[in-house]
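# Please find the sequence and the predicted model below.
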Amino acid sequence: MPRRLDLLLRFGGISPVQILLVVAFMLFLSASAPAQTWGDTLPPPCDDSNYGNCPKLQDGHSSPTKLDGAISYSFASDASLLASLGSQQAVDDFKSRARAAAQDWATKSGVRLSEAASGQAGNVTISVSGDPNTRASDGIVDFDPANNSRRTLTISDEYNGWSAEGKDSLFEHEFGHIIGIDDVGADECPGVNTVMRQSGSDAELVNGNSGAQPALNRPTRASNCDLDKGRKEYNQGVNTITPLSGGGGPNDGTGGGGYYYYPCTPYYWVEYWSWDGGETWELMDVSYAGCW
Ligand SMILES: [Zn+2]
C-alpha cells in the first residue's frame, strides 16, 4: 500500500522540496482557469471574538439555501405585489428597502448581489405572501420549486405594519441566507451581534429598535462579522477570483470612489503518494479548495 499525503497549499505556502512540482501545476491551473474579475471591497475586520464561537456562524457552516456564485434578484409582478401590499406606495417602499439591503451586502462585503436587468428574472424571486407559514416566519428563503438552482424570498403580507428597522432588518437577514449564513436563534449565542438572529416575536418587527418593547434584538444591517462571514461564504462558492489592477483609496464607507481592490488567495488540495515508505513523494492530484 502506498502512503498518501494530502496538503492544503497556496502560492508561497509550499515547502522547498515540493515547490517546483507544485508551482508548475499552479501555473498550469491558473492559465487554464477562466478569468473572472470585478472590483471588490474589503469588509471591516470582524472584531467580535464570540462570533466565530457561535456554532451557526462558524467557518464551514452554511445556510441550506445558499446560492453559489453571483446572485441576482427580481421581483414578482407589480400586480401581485400590489394585491398583497395594498398600495403603490407600499410596493415602492417594499422594493426600495429590498434594494437597499442588497446593496448594503454587496458594497460592504464584496458579494456579487444585484438586481436583474429590467424584464429579466434573477436567480432569486422576491414576493409577498399571506399564507400562514410565511406569516409565522415573517420572511422565508426557500428553493424555487420549479428550479433547484434558484431561490424564492417571500415576505409576509404583515409588512406594512412593521417599523422601518423591522423591514430593513428582515430583508438584510433574508439576503444573508441566500449568501450562505444560517439562522441564529433568538436566545442562541447571547451577546453576539448578528443580523442573522431570528426575531422572537412578530411584535419585535412592529417595534423594531424604536425603544418600544419588545425591542428587535438584532441590528438593522449586517454586522462587520456578518459581512466577513458573508464574504467567506461567497468566496467558497466561486471558482476564480483575481484582482482588478489599479484601485486605491480608503475603504472608509464614504461611498463613491471609496473602494479598493482586494483579492482572495486561491488554495488547492495537493495529493502526494509515496511507494517507498515516505522517502520520495509523487504528486498525484491537485484540486481547487476555495478562495479566502
Ligand atoms: Zn432566517
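Ah, there it is.
# nearest spatial neighbour of the residue nearest to the spatial centre of the chain, skipping sequence neighbours?
With distances taken as Cα atoms, centre = their mean, Ile179 lies nearest the centre of the chain, 2.7 Å away. Nearest residue to Ile179, sequence neighbours excluded (Cβ to Cβ, 6 or more residues apart in numbering): Gly230, at 4.5 Å. For glycine as for every other residue, the C-beta is placed from the backbone atoms N, C-alpha and C.
# cool, Thr280 as well?
The spatially closest residue to Thr280, leaving aside those adjacent along the chain, is Ser274, at 6.3 Å (Cβ to Cβ, 6+ apart).
# same question, Gly166
Per Cβ to Cβ, 6+ apart, closest to Gly166 is Leu205, 3.5 Å.
# Can you tell me which helices and strands the host helix or strand of the one you found packs against?
If you go by DSSP states H and E, Leu205 is part of helix 202-207. The contact analysis (3 or more Cβ pairs under 8 Å, 6 or more residues apart in numbering; DSSP states H and E) places helix 202-207 against helix 164-179.
# what angle sits between the top helix by length along the chain and helix 164-179?
Within the chain, and with DSSP state H defining each element, the longest helix by residue count is helix 88-109. With axes from the mean of the first three to the mean of the last three Cα atoms, to 10 degrees as the basis, helix 88-109 and helix 164-179 are set at 50 degrees to each other.
# List the buried residues for the next helix or strand after helix 88-109?
Using DSSP H and E, the helix or strand that follows helix 88-109 in sequence is strand 113-115. Going by neighbour count (16 or more other Cβ atoms under 10 Å), the buried part of strand 113-115 is 113, 115.
# so what strands line up beside strand 113-115?
Sheet pairing of strand 113-115 (DSSP bridges) gives strand 71-75 (parallel).
# Run through who's touching the strand it pairs with.
81, 95, 98, 102, 111-116, 120-127, 153, 178-179 (Cβ atoms under 8 Å, 6 or more residues apart in numbering).
# Also stretch 167-177?
Outside stretch 167-177, the residues that reach it (Cβ under 8 Å, 6+ apart) are 63, 65-66, 93-94, 97-98, 100-102, 104-105, 113, 138-141, 153, 155, 159, 162, 183, 195-196, 199, 205, 208, 216, 218-222, 226, 230.
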